[in-house]
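1. here is my input; please provide its structure:
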Amino acid sequence: MKNFFLVLVVVSLIFLTTSIKNSTKNIDKKIFEIKENILLLEYKYELLLLDYNYLSSPSKLIEFNEKYFDQKLKHISRSDIQVLDLRNE
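-> This is a model prediction of the structure:
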């Protein structure tokens with residue numbers, strides 16, 4: 001009877017260990033996927049930030065105006081900008 005309980009305990013510990021290993025493996029897999037997604041989003045954010053900073057600098061805008069638009073762009077103030085509402089048309 002004593003041997004039966006010992007075998008039962010050992011078998012139950014084996015099953016418990018297997019279950020715990022599988023669950024930690026799944027958790028590690030999810031953590032890895034989330035970290036990869038975060039790295040991808042950080043990379044995209046850095047690219048967008050670089051693009052924004054590069055294109056919005058005044059010297060670059062002046063350079064683009066001279067190079068691509070043949071001085072067709074002109075400076076206007078913020079108060080001259082109007083909102084166009086196209087929902088009614």
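
2. what residue ranges in the chain are flagged as low confidence?
-> Along the chain, the model assigns pLDDT under 70 to residues 89.

3. now do the most centrally placed residue in the chain against Thr17, distance only.
-> Against the mean C-alpha coordinate of the chain, by CA atoms, centre = their mean, the closest residue is Leu41 at 2.1 Å. Distance of Leu41 to Thr17, computed by CB to CB, to the nearest Å: 36 Å. For the C-beta atoms, the positions are set from N, CA and C on the backbone; glycine is no exception.

4. do Gln71 as well
-> Gln71 is 75 Å from Thr17, by CB to CB.

5. can you check Val11 too?
-> Counting by CB to CB - Val11 and Thr17 are separated by 11 Å.

6. off-centre distance for the longest helix seen in the chain?
-> For the chain, the helix with the greatest residue count under DSSP state H is helix 2-56. Computed by CA atoms, centre = their mean, to the nearest Å, the separation of helix 2-56 from the middle of its chain amounts to 17 Å.

7. tell me the helix or strand right after it.
-> Downstream of helix 2-56, the first helix or strand assigned by DSSP states H and E is helix 58-68.
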